[in-house]
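Asks: Here's my sequence, what's the structure:
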Amino acid sequence: MRQPRRKGQTLVEFALVCIPLIFILISIVELSRFMWSYHTLAFAVERGARYAVVHGQTSTTSVSAVASIIRNAAPGLDPGQLTVALRAASATRNCAPLSACDGVASQWPDSTSNSPGQSITVEAVYPFRSALSMFWPGVGAVRFGVVNMGAAATEEIRY
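Replies: Below you'll find the model as predicted:
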């Protein structure tokens, strides 16, 4: 009795297992990168709000100083892509992108919004580009999809 031919069976099985495995590995890496970016963004926003609140009424905090704190707390995030909004009771200062607030010496929050009990909000949006979109059916050319991550921190001036 002759044995059935099995040439190429291993190659087919490898292809059937390897393609989903590669997709799962890339998905894990991209999800981890997304979580790291979001955590970094949320931490930087919280640090910026905390800096402004701690300085409160006792000193003048400039827009540039808050932007610098946010930039230093967000390594790996491109300041040219990061959009930040500094909100106080009477005024909003938009930094789109964050690097637009470099060298801005105006006080934030201004003297009408930096008394104890006033709320300060720092909001940020950062575009996250994922490589997973190139696996989406019908996309055609390789493009990286964009997801806008947002984070906000609201603090109250205590002193």
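
Asks: Averaged pLDDT, the helix or strand in which residue 18 is found. What do you get?
Replies: Under the criterion of DSSP states H and E, residue 18 resides in helix 9-55. Averaged across helix 9-55, the pLDDT comes to 90.

Asks: That one: what's the following helix or strand?
Replies: Defined by DSSP H and E, the subsequent element after helix 9-55 is helix 63-72.

Asks: For that next one, give me every contacting residue.
Replies: 44-45, 47-48, 51-52, 79, 82, 84, 86, 93, 95, 98, 101-108, 122, 124 (CB atoms under 8 Å, 6 or more residues apart in numbering). All C-beta atoms are positioned from the backbone trio N, CA, C, and that covers glycine.

Asks: Give the PyMOL command for selecting the buried subset of the residues you listed.
Replies: To isolate the buried ones among the contacts of helix 63-72 in PyMOL, judged by 16 or more other CB atoms under 10 Å, type:
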select buried, resi 44+45+47+48+51+52+79+82+84+86+93+95+98+101+108+122+124
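
Asks: From the contacts of helix 63-72, which land in strands?
Replies: Among these, the ones falling in strands (DSSP state E) are 84, 86, 93, 95, 122, 124.

Asks: Same list (those residues) but as a markdown table, adding distance to residue 12 and pLDDT.
Replies: Output for these, formatted as a markdown table (distance: CB to CB, whole Å; pLDDT from 0 to 100):
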| residue | distance to residue 12 | pLDDT |
| --- | --- | --- |
| 84 | 53 | 94 |
| 86 | 59 | 91 |
| 93 | 61 | 87 |
| 95 | 55 | 89 |
| 122 | 55 | 93 |
| 124 | 49 | 95 |
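
Asks: of all those residues, which two lie farthest apart?
Replies: Checked with CB to CB, the ones in strands among the contacts of helix 63-72 reach their widest spread between 93 and 124, with 12.8 Å between them.

Asks: what do the two both touch?
Replies: Common contacts of residue 93 and residue 124, defined by CB under 8 Å, 6+ apart, comprise residue 85.
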